[in-house]
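# need the 3D shape of this:
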Amino acid sequence: MTERPLDVLIVEDEVLLATELEFLVEEVGFHSVGLAMSSDEAVALACDLHPDLALVDVHLRDGPTGVEVARTIHNDCGGVALFMTANVKRLPDDFAGACGVIGKPYSEHGVKTALSYLTVCLREGQAPGPPPIGLELSPAYAERWGLSALPQAV
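Numbers count the residues shown, from 1 in each chain. Next comes the predicted model:
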């Protein structure tokens, strides 16, 4: 019996980038449950659809609101967010409850590798080893997934 694909919400206000991410998500075997371009839309979809993972840009149509979106998805919707942003320095030390970040610009291979890695982490509650290059885990999730003593490859 095969496991169901992970449900992913894409929170990105650049249509071409959102479409590319949706394609990559589905190529890795995930199921895209929706695209959100603003913080209100993202929170509403996350709380209604309960995705396994939300890919969140920091700067959305309504401003640099992605950090608040990730925090709300984590605290109020019970979801896991992953930042996908060129604004890595804007992230708070606690990553707003997100599991980590992939910095832009990113490669197709980098995103696919990171998503495959996160699949194992989310399903098994434990990392299969250090994160792949390009994925930085938040300190809280590194500890949760058993990596607190390992250096991170970024």
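# and for E20, the neighbour number?
When neighbours are defined as other C-beta atoms under 10 Å, E20 has 15 of them. Any C-beta I mention is one placed from the backbone N, CA and C, and that applies to glycine too.
# phi, psi of it?
Note on E20: its backbone torsions stand at phi -60, psi -40 [degrees, to the nearest 10].
# state the pLDDT value of it.
pLDDT, E20: 93.
# same check on A98?
Per-residue pLDDT puts A98 at 97.
# and for A149?
A149 carries a pLDDT value of 56.
# and the strands in this protein?
Assigned by DSSP state E, the chain shows strands spanning 7-11, 31-36, 53-56, 81-85, 100-103, 135-137.
# same list (those strands) but as JSON lines, adding distance to D62 and mean neighbour count.
Shown next, in JSON lines, are the strands of the chain (distance: least, C-beta to C-beta, whole Å; neighbours: other C-beta atoms under 10 Å):
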{"stretch": "strand 7-11", "distance to D62": "12", "mean neighbour count": "26"}
{"stretch": "strand 31-36", "distance to D62": "11", "mean neighbour count": "19"}
{"stretch": "strand 53-56", "distance to D62": "13", "mean neighbour count": "27"}
{"stretch": "strand 81-85", "distance to D62": "15", "mean neighbour count": "26"}
{"stretch": "strand 100-103", "distance to D62": "21", "mean neighbour count": "22"}
{"stretch": "strand 135-137", "distance to D62": "26", "mean neighbour count": "24"}
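# possible to save those as TSV with distance to G66?
Converted to TSV, the strands of the chain look like this (distance: least, C-beta to C-beta, whole Å):
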stretch	distance to G66
strand 7-11	7
strand 31-36	10
strand 53-56	5
strand 81-85	7
strand 100-103	11
strand 135-137	16
